[in-house]
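Visitor: A predicted structure for the sequence below; I have some questions about it.
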Amino acid sequence: MRFVMRMFLWTDHPGWAMRGGMALFLVVSLVSDLACGQETPHPVVGLRPPQESSDVRLEVDAGHVVKDLSRLRPGILLSLKTTPYALTKYARELAQPGTLVRIPLDFGWSSDPSVIDPLIEKVRRWGGEPLLFIFGVPETLSAKRREIFYEGKPVRRFDASPGNLVAWERMVRGAVAHFNAEKGYRIRYLEIGNEPDAPNFWTGTQSEYLQLYKASVKAARSADPSIKVGGPAVANWRGEIGAEGPLIKNLLEFARSEGLPVDFISWHAFENDPYSLISVVSRIRTWKDASGFPQAKLFLDEWNHSGSVERDGPQGAAFVGGMLSGIFSSGLDGQVFAMLQDGDTSRSDFSGDDFGMLTVGGIAKASYNVFLAARLLGKLELRIHQSEGQYLISSTATKGPGFVAVLVSYSPPDALATATNLLFSEKGYTDADLRKWGWDNEKTAQLRRGEIEKVLAGLRASPQALRDLRDAFALYQRILHQADGAARQVRIVIKGLDVGSPVVCERYVIDEHHSNSLMAKDRIGARLQEVRVQARESGFGRAEKYLTKSGVASADAMRELLARLRKIGPGEAESALRNFRRNASGEERRGLEHVSARYAEGYEEGLRRGLDEINGWQEVRLARVDQKRYEPATEFRTTIQMEPHSVNLLLLRREGQRRQ
């Protein structure tokens, strides 16, 4: 769970650390005929696709539905630091009934599960489906612990595993009973763990994690036999604990031997290459089928770009667009973007080092606009054939009542990662094989320099493995060559249209110059300062209006307090308010609480108005750049030019019909 690391721990990301070691070159994504045993809307690519050109042709068959995408509505990761404005904006613009919403049940911070009740209630209000994930151990139950440091300061006593599983079971059972029996929240999904393959979250052994899973499942099912349980929410789909092989595979085998349920399998993906999922999902599906869990759902329940600065602008947005296309094609059962809002309140907006689609101040990033564009897609995915550019251009075509929508993203890949994923997800090699062959950092450096023969000559691999490596390296060089940063002409043909009236084609663009708040960050920063001052005045005004009522205890003293608070900064004002509250009692204290509540209401209302204004600016909001009318036809053609790191949405609808 990246927001916990950003807000509380923030040390090295495990996926990034892998890239620095011997597995640097073996991370994500090749789509080939071995990738998926089901029909996909993209053509089979294989190891030696035809010569690349600068033009890409997308041919959509409006009469051929591939599948229903309703279950893959983009989910979201929330934290207790998510602001009311962010929650309201998401509920108003993006939330859909049944959307997965991942929420932390962190026993390391509080053994009282009710701390997340307000968040669950908000999610249920908009029809979201909470997915609670258990992690963290109270200090009283911790078997061992160590300090985690952020910027040289200890921020948390990290708990590796519970030393008393009986007490742990009692705590988990009580939490599930609280949510489902006492509060009636109908929590369906309970996830055991969070990135146990990352030492920042788990310092125990694999055996300890598996026993934790067993104890947690037993406790949860005793409180609610219908609750769905799963995990292990690894940071990387191949993630291990102690070099004992992929934890997903080992958990499945352990659950089978112990007769335990695994209702869903979860993992995370923080990458810079959006072309990985089809082959990865295929590999995980093979594991679950072989272990006797064919009905287990597959949840990618945290994903985002692995870069830092790139996440705030068009590079992060294009990655999101590419990932969404892969998600729709992959056969996943659920997915959760990490996360809704930047969580580190010590950093400024657009710091380039946080994961939200909204800044810490509540401003929509370019990635947010990709989700707005995806919200305009139809529920039914259409067959789409792509010629050329399979590792540069990704696309999804959908339809709904009276319209067809095509989402196209140009996200140049990590060539090395894309090519060599073949070895893991499709050829079935493991990290242990790499270690056995003698892969090291020097081999990675040689590969980066193009010294393929030196790499192969120094490896203790079988002839077949060497042939597989040679194929992957050749593909790497080809992708590296084609990813030249040039603009691409994308020719879109939509066939099989059945319209008896004129159609309107709308085009929305997210790139360096459109729908990209990063380009206006200085102007936004200046306006945000004004907005916060205005919001504060709105809060004072609401509180003073309340005090004009008769019968408020100590009204004169409170007016005097508000007058003093107006003249000092927010931090000092909070301190003065605490002191006043400490000395108050009885009716005076209750009156003060009412005044504080009115201030908060006024502040939030003033802040909402200001943030809505900024989020409505041309540079910030999702921009429609073109709209044209066409006469009735059974086929539609257009050509768009796309720059690297850009997203386009084409919305073709009957004239007079609005897409809701």
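Guide: That came in fine, so what should we check first?
Visitor: wait, is Q627 part of a strand?
Guide: Yes: assessed by DSSP: H, G, I helix; E, B strand; the rest coil, Q627 belongs to a strand.
Visitor: can you tell me how far it is from L372?
Guide: 17 Å (CB to CB, to the nearest Å). For every residue, glycine as well, the C-beta is placed using N, CA and C.
Visitor: ditto for E182
Guide: Distance from E182 to L372, by CB to CB: 37 Å.
Visitor: quick one: the closest residue to K81 other than its chain neighbours and G485, what's the gap?
Guide: The shortest distance from K81 to any non-neighbouring residue, by CB to CB, 6 or more residues apart in numbering, is to G343 (5.0 Å). As judged by CB to CB, G343 and G485 stand 33 Å apart.
Visitor: of those two, which one has the most company?
Guide: Between G343 and G485, counted using other CB atoms under 10 Å, the more crowded position is G343 (25 against 8).
Visitor: wait, S409 sits on V647?
Guide: Yes: S409 is within contact range of V647, at 4.8 Å (criterion: CB atoms under 8 Å).
Visitor: shared neighbours, those two?
Guide: A318, V320, G321, V370 (CB atoms under 8 Å, 6 or more residues apart in numbering).
Visitor: so who does the third one touch?
Guide: G321 makes contact with P274, V370, A373, S394, L407, V408, S409, S411, I510, V647, according to CB under 8 Å, 6+ apart.
Visitor: the second one: neighbour count?
Guide: This points to V370. 31.
Visitor: how about it: what's its closest non-neighbour residue?
Guide: Using CB to CB, 6+ apart, the closest residue to V370 is V320 (4.4 Å).
Visitor: report the separation between that neighbour and P196.
Guide: Distance from V320 to P196, by CB to CB: 26 Å.
Visitor: so is the closest residue in space to R186 that isn't next to it in sequence in a helix, a strand, or just coil?
Guide: Nearest residue to R186, sequence neighbours excluded (CB to CB, 6+ apart): N180, at 6.4 Å. Secondary structure, three-state DSSP: N180 is helix.
Visitor: once you drop chain neighbours, what's closest to E655?
Guide: Counting by CB to CB, 6+ apart, the residue nearest E655 is P502, at 4.4 Å.
Visitor: that neighbour: neighbour count?
Guide: Neighbours around P502, by other CB under 10 Å: 13.
Visitor: isn't it right up against K628?
Guide: No: with contact defined as CB under 8 Å, P502 does not reach K628; the gap is 10.5 Å.
Visitor: give me the helix or strand of this protein that scores worst on average pLDDT.
Guide: helix 14-20 (a mean of 31; mean pLDDT, DSSP states H and E).
Visitor: next structured bit after it?
Guide: strand 55-68 (DSSP states H and E).
Visitor: show me what that next one is packed against.
Guide: Contacting strand 55-68 under the criterion 3 or more CB pairs under 8 Å, 6 or more residues apart in numbering; DSSP states H and E are the following elements: strand 380-387, strand 393-400, strand 403-410, strand 488-495.
Visitor: could you redo the last one with a cut-off of 10 Å?
Guide: helix 314-330, strand 380-387, strand 393-400, strand 403-410, strand 488-495, strand 635-642, strand 646-654 (3 or more CB pairs under 10 Å, 6 or more residues apart in numbering; DSSP states H and E).
Visitor: local confidence estimate at R578?
Guide: R578 carries a pLDDT value of 70.
Visitor: going forward, count from 15.
Guide: Got it, the first residue is 15 from now on, which makes the last one we talked about R592.
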